[in-house]
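A.B. asks: Fold the following.
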Amino acid sequence: MRHYSSQGIVLARQNFFEADRILTIFSKDYGKVRLLARGVRKPESRKRGHIEVFNYIKFSVVRGRSLDILSEVETIVSFNLLRNDLRKMSVFYFLAEAITRLTRDGEKNERLLNLILVSFNKTVKSKNLKGLRKDFIYQCLVVLGFWPEGRRMEDPDKVLRDIAEREMFSARVGKEILI
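C.D. replies: Model (predicted):
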């Protein structure tokens with residue numbers, strides 16, 4: 001199959017050469033994928049606004065040699081209103097980093113995508129961001145098979161750090177903001 005389409009959450013983006021970006025997307029049909037978005041840093045790019053981090057998008061891709069190339073993109077849900085709330089953005093970055101660290105490329109997990117979307121929507125409305133973050137860690141580890149369902153988790157951050165085998169970069173910032 002030379003072309004494919006799916007829906008997913010943009011978890012991260014990285015500048016690449018002068019006008020391109022590499023996107024990390026957790027998709028409904030293909031799990032975590034890394035895509036090359038050509039020319040999106042140019043001011044006249046129509047894809048530019050759709051590939052913002054944390055947007056839930058519908059996208060089409062053409063297979064490439066090393067990286068697949070984003071050909072079309074459309075925003076389904078944008079969480080732009082939260083970009084003015086530093087506390088909620090820190091939770092979003094933490095959730096995205098946890099997903100990126102705990103999943104491998106190409107492993108489909110529709111339950112995890114639903115968990116991400118539900119958690120993002122809860123973050124929009126929640127006042128208890130610290131509790132939401134800890135609940136997400138627990139549910140994420142259960143969905144990915146790292147933790148048995150129903151078993152109590154004393155320190156979710158420690159368990160996550162042990163499984164990922166490193167400290168989450170966004171956790172350092174997020175903990176300070178959420179105190």
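
A.B. asks: in stretch 4-22, what's buried?
C.D. replies: Buried positions in stretch 4-22, judged by neighbour count with 16 or more other Cβ atoms under 10 Å: 6-13, 16, 20-22. Where C-beta positions appear, they are placed from N, C-alpha and C, glycine not excepted.

A.B. asks: do the same with stretch 97-109
C.D. replies: Using 16+ other Cβ under 10 Å as the test for burial, stretch 97-109 gives 97-99, 102-103, 109.

A.B. asks: which residue ranges form the strands in the chain?
C.D. replies: 3-16, 20-27, 31-37, 56-62, 68-77 (DSSP state E).

A.B. asks: CA atoms only: put the fourth one into CSV for me.
C.D. replies: Okay, so that is strand 56-62. Below are the C-alpha coordinates for strand 56-62, written out as CSV (Å, rounded to 0.1, in the frame of the first residue of the first chain):
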residue,chain,number,x,y,z
TYR,A,56,-6.6,15.8,16.7
ILE,A,57,-6.3,15.5,12.9
LYS,A,58,-7.3,13.5,9.9
PHE,A,59,-4.4,12.9,7.6
SER,A,60,-3.2,11.2,4.4
VAL,A,61,0.3,9.9,3.9
VAL,A,62,2.5,8.7,1.0
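
A.B. asks: Now do that strand, average pLDDT.
C.D. replies: In this model, strand 56-62 has an average pLDDT of 96.

A.B. asks: got it, and the second one?
C.D. replies: Averaging pLDDT along strand 20-27 yields 95.

A.B. asks: and the angle for that strand with strand 56-62?
C.D. replies: Strand 20-27 and strand 56-62 are oriented at 120 degrees to each other (axes from the mean of the first three to the mean of the last three Cα atoms, to 10 degrees).
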